[in-house]
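S.K.: Below are the sequence and a predicted model for it; my questions follow.
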Amino acid sequence: MTTPPTPRGALIAIEGLDRAGKSTQCDLLLNRLISSGIPAKLQKFPDRSTPIGHMINSYLTSTSNLDDQAIHLLFSANRWEAKDSILSTLNSGTTILLDRYIYSGIVFSAAKPPVPVENPKPLSVSWCKAPDVGLPRPDIIIFLNISQEDAEKRAGFGDERYEKKEMQEKVRKLFEELRGEDSNDKEDWWVVNAGGTVEEVAEEVWRGVLEALKRVKEGNGEVRSI
Ligand code: TMP
Ligand code: MG
């Protein structure tokens with residue numbers, strides 16, 4: 001008798017604006033999965049621990065400057081360098097929580113104001129999406145949705161690049177566009193009202209996770225691609 005193969009883990013992306021509570025929810029969720037007997041791991045993007053991650057970190061903390069295109073490709077390369085490990089972890093039966101993924105990659109780059117001389121047009125969503133095509137596709141994207149009003153009630157921004165009000169407003173619009181893009185992608189998004197208490201948000205997030213686990217169980221075992 002052969003033993004049945006281990007069912008693969010689910011790939012769950014957590015996305016949202018800054019101050020939506022992503023990191024808090026990721027930590028709670030990781031604990032809940034593990035204490036429910038579901039092996040799980042957290043993978044944060046950008047992963048600042050690799051050589052590419054170091055370059056991203058210097059850019060974000062403004063100790064280095066790069067063209068918009070170059071930094072965009074570094075963020076994508078930082079995901080590609082994690083691809084094999086993501087796939088082997090999933091295939092070994094461990095669920096992965098992604099704290100940001102390609103969606104942040106697309107909207108943050110496309111939200112940047114054009115540089116007047118060198119780069120007079122903003123980067124288009126399709127240009128921004130292209131380098132990520134082929135990466136593992138999440139079984140669900142849990143989007144922590146927070147209103148401008150609620151976001152403003154929370155603690156202020158840090159000093160990193162992009163942590164500015166005008167940028168965040170553009171990011172909000174672009175996330176909305178991305179969520180509505182086409183009917184195929186639409187079902188991947190699980191929008192959670194992130195304005196509630198930590199516990200209320202965690203409950204809604206958990207329902208999204210159960211949905212992802214169900215999709216994996218009903219699927220053919222393969223991880224789809226972007
Ligand atoms: P963090 O605060 O989650 O570490 O993310 C750092 C910043 O990087 C945040 O402002 C979002 C931005 N970002 C991109 O511009 N492109 C990407 O691909 C990712 C993952 C994040
Ligand atoms: Mg940050």
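M.R.: Received it, and whenever you're ready, just let me know what you need. Ligands and ions are numbered 1, 2, ... in the order given.

S.K.: Which parts of the protein are helices?
M.R.: Here the chain has its helices, by DSSP state H, at 22-35, 51-60, 68-80, 83-91, 102-110, 125-129, 148-153, 165-180, 183-186, 198-218.

S.K.: mind listing what's buried in the first one?
M.R.: Okay, so that is helix 22-35. Residues 22, 25-26, 28-30, 33 are the ones in helix 22-35 that count as buried (16 or more other C-beta atoms under 10 Å). In this view, the C-beta of every residue, glycine as well, is placed from N, C-alpha and C.

S.K.: And the second one, by the same measure?
M.R.: Residues of helix 51-60 classed as buried under the neighbour-count rule (16+ other C-beta under 10 Å) are 52-53, 55-57, 59-60.

S.K.: quick one: it to chain centroid distance?
M.R.: Chain-centre distance of helix 51-60: 18 Å, with C-alpha atoms, centre = their mean, to the nearest Å.

S.K.: hmm, who's touching that helix?
M.R.: With contact meaning C-beta atoms under 8 Å, 6 or more residues apart in numbering, helix 51-60 is reached by 46-48, 64-66, 71, 74-75, 77-78, 81, 160-162.

S.K.: quick check, nearest of those to residue 128?
M.R.: Relative to residue 128, the closest of those is residue 75; by C-beta to C-beta it sits at 9.6 Å.

S.K.: Make sure the closest one is actually in contact with residue 48.
M.R.: No - between residue 75 and residue 48 there is no contact under C-beta atoms under 8 Å: 11.3 Å.

S.K.: would you turn the helices of the chain into TSV with distance to ligand 1?
M.R.: TSV is the format used below for the helices of the chain (distance: least, C-beta to the nearest ligand atom, whole Å):
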stretch	distance to ligand 1
helix 22-35	7
helix 51-60	6
helix 68-80	3
helix 83-91	14
helix 102-110	3
helix 125-129	9
helix 148-153	14
helix 165-180	8
helix 183-186	18
helix 198-218	17
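
S.K.: right, so those helices: which one is the most enclosed?
M.R.: helix 102-110 (a mean of 24; mean count of other C-beta atoms under 10 Å).

S.K.: helices or strands next to that helix in the packing?
M.R.: On a contact count with 3 or more C-beta pairs under 8 Å, 6 or more residues apart in numbering; DSSP states H and E, helix 102-110 meets strand 11-16, helix 68-80, helix 125-129, helix 165-180.

S.K.: CSV for the ones you listed, including distance to residue 205?
M.R.: Below are these laid out as CSV (distance: least, C-beta to C-beta, whole Å):
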stretch, distance to residue 205
strand 11-16, 8
helix 68-80, 22
helix 125-129, 25
helix 165-180, 16
